[in-house]
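K.L.:
got a sequence here, can you build the structure:
(4 chains)
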Protein chains: 2
Amino acid sequence: MFHLNISKSTLQRLPLYLNYLKSVRDKYVNISATIIADALKLNDVQVRKDLASVSSSGKPKVGYVTEDLIKELEDFLGYNTVNNAIIVGAGKLGKALMGYSGFKEYGLNILMAFDSDPKVIDEAERIMPIEKLPEFCRKMNIKIGIITVPAQNAQEVCDLLVESGVLAIWNFAPVHLRVPEDILVQNENMAAALAVLSNHLAEKLK
Amino acid sequence: MFHLNISKSTLQRLPLYLNYLKSVRDKYVNISATIIADALKLNDVQVRKDLASVSSSGKPKVGYVTEDLIKELEDFLGYNTVNNAIIVGAGKLGKALMGYSGFKEYGLNILMAFDSDPKVIDEAERIMPIEKLPEFCRKMNIKIGIITVPAQNAQEVCDLLVESGVLAIWNFAPVHLRVPEDILVQNENMAAALAVLSNHLAEKLK
DNA sequence: TAGATTGTTAATCGATTAACAATC
DNA sequence: TAGATTGTTAATCGATTAACAATC
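P.N.:
Below you'll find the model as predicted:
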């Protein structure tokens, strides 16, 4: 497994390839970048370059062995490695993410949620008071934090996570978070997505 | 309100500006692109260009009137226009999105969810059988569809939405959807986000 | 008037795509 | 061998950033 110099845009396409490959694994023993590109409506050189950063098992004329490529993508994407994570913010979105079993498939295991509101604390439901976050993170060696608090509290929660040893943050609050250089923030900005949708409709319907 | 030639990257930054402006509306009567750029760690020319595509009320030396700019951004982003939408896929994610009240703020009003599994249908909970989708969409003039079904069913659901008059699709399934040219697909690809997080950790911890 | 800030034109950068050489 | 496919080098494209002119 080598993880060098891979662009974010490439990285974000890899799960798409993996998903496509899984859907056709019974159909193709071997598969080419050309076929994948066709199916996903992408440029074939782009697919070839993306795959080259994950695998070097492609053979001219033959392409890739589908099962091998699936395995290489899964390994590369860490789907076979469990990453423990916590959520901060046990509102509707936080609870939904915690209850969503689909993340297991991607190697993400959400252990616990934290909230500052005493009324929502419920250790049986795996919701703990935020005061216990630092100790929990250190003890369980948590490296991924998920932020689902309102925008105005997101920065302080972010600071707390960084202090507690978290290295990567998945941020659902529509704010820019300031973090030290070596910490990654991945924004899941639903407001941004909605902006694109709404703008398209305004265009279409005007 | 003019919606011409605005790039997707600009569009996705606008909600960030709006959110920041709301957080400082009591502090600054006037605000400049420079201050916004500083706060959000963006390039000031970028912010200036982005704002120019939404507003022309900026004055040299003074900047923008904060409240006016907030209003202009909200109008542009359609936050003051209600867009009715439906969800297809009443699993955990679908239910969570339907229960999430936060979208109201962005002008998104989720009216109903649809599912093909008779066991989850519950009209009191606003979950209807998928067979009723086309009629509902036409009657209610639904233009936005949200897809939260498993990957393998996403394309057929997408086709059904397009047939039923939907113009913009918010896709939570990790697949590429084929749509006619004038239909917009906005992918909310959590698998892609997780790929970026996981790759960062693999880099850091190796 | 001076200078902070806007808005524009030009340069740079990174990602995508096209052209081509290598090879099973 | 012929040609489909890989992988690489060069060209293009779009977005970001830098330099600058306009102005309240």
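K.L.:
which stretches of chain A form strands?
P.N.:
Ranges of strands in chain A, per DSSP state E, are A:30-31, A:64-65, A:83-88, A:108-115, A:127-129, A:144-147, A:168-171, A:184-187.
K.L.:
and the ones you listed as JSON lines, adding mean pLDDT, mean neighbour count and distance to residue B:52?
P.N.:
Every residue, glycine included, has its C-beta placed from N, CA and C. Below are the strands of chain A laid out as JSON lines (pLDDT from 0 to 100; neighbours: other CB atoms under 10 Å in any protein chain shown; distance: least, CB to CB, whole Å):
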{"stretch": "strand A:30-31", "mean pLDDT": "96", "mean neighbour count": "20", "distance to residue B:52": "46"}
{"stretch": "strand A:64-65", "mean pLDDT": "97", "mean neighbour count": "20", "distance to residue B:52": "47"}
{"stretch": "strand A:83-88", "mean pLDDT": "97", "mean neighbour count": "23", "distance to residue B:52": "36"}
{"stretch": "strand A:108-115", "mean pLDDT": "97", "mean neighbour count": "21", "distance to residue B:52": "40"}
{"stretch": "strand A:127-129", "mean pLDDT": "98", "mean neighbour count": "17", "distance to residue B:52": "45"}
{"stretch": "strand A:144-147", "mean pLDDT": "98", "mean neighbour count": "26", "distance to residue B:52": "31"}
{"stretch": "strand A:168-171", "mean pLDDT": "96", "mean neighbour count": "24", "distance to residue B:52": "27"}
{"stretch": "strand A:184-187", "mean pLDDT": "94", "mean neighbour count": "18", "distance to residue B:52": "24"}
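K.L.:
can you tell which of those strands is closest to residue B:108?
P.N.:
Ranking the strands of chain A by their distance to residue B:108 (criterion: CB to CB) puts strand A:184-187 first, at 18.6 Å.
K.L.:
strand partners (parallel or antiparallel) of that closest one?
P.N.:
The strands beside strand A:184-187 in its sheet (DSSP bridges) come out as strand A:168-171 (parallel).
K.L.:
run the chain-centre distance for the partner strand.
P.N.:
9 Å (CA atoms, centre = their mean, to the nearest Å).
K.L.:
do stretch A:29-38 as well
P.N.:
For stretch A:29-38, the distance to the chain centre is 25 Å (CA atoms, centre = their mean).
K.L.:
residues in contact with that stretch?
P.N.:
Applying CB atoms under 8 Å, 6 or more residues apart in numbering or on different chains, the contact partners of stretch A:29-38 are A:17, A:20-21, A:24, A:28, A:42-44, A:46-48, A:51, A:58, A:62-66, A:69.
K.L.:
re the thing from before, looking at the strands of chain A, which is nearest to residue B:152?
P.N.:
Nearest to residue B:152 among the strands of chain A is strand A:30-31; the distance by CB to CB comes to 17.9 Å.
K.L.:
that closest one close to DNA strand C?
P.N.:
No. Applying CB under 7 Å from any atom of the strand, one finds strand A:30-31 out of contact with DNA strand C, separated by at least 11.1 Å.
K.L.:
tabulate the strands of chain A (CSV), appending distance to residue A:95.
P.N.:
Conversion of the strands of chain A to CSV gives the following (distance: least, CB to CB, whole Å):
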stretch, distance to residue A:95
strand A:30-31, 39
strand A:64-65, 40
strand A:83-88, 9
strand A:108-115, 7
strand A:127-129, 8
strand A:144-147, 12
strand A:168-171, 16
strand A:184-187, 20
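K.L.:
closest one to residue B:203 among the ones you listed?
P.N.:
Per CB to CB, nearest to residue B:203 of the strands of chain A: strand A:184-187, 9.0 Å.
K.L.:
how does chain A divide into domains?
P.N.:
For chain A, the structural domains run A:8-76, A:83-193, going by automatic domain parsing.
K.L.:
give me whichever of those domains is most buried.
P.N.:
Mean neighbour count (mean count of other CB atoms under 10 Å in any protein chain shown) peaks for domain A:83-193 among the domains of chain A, with a mean of 18.
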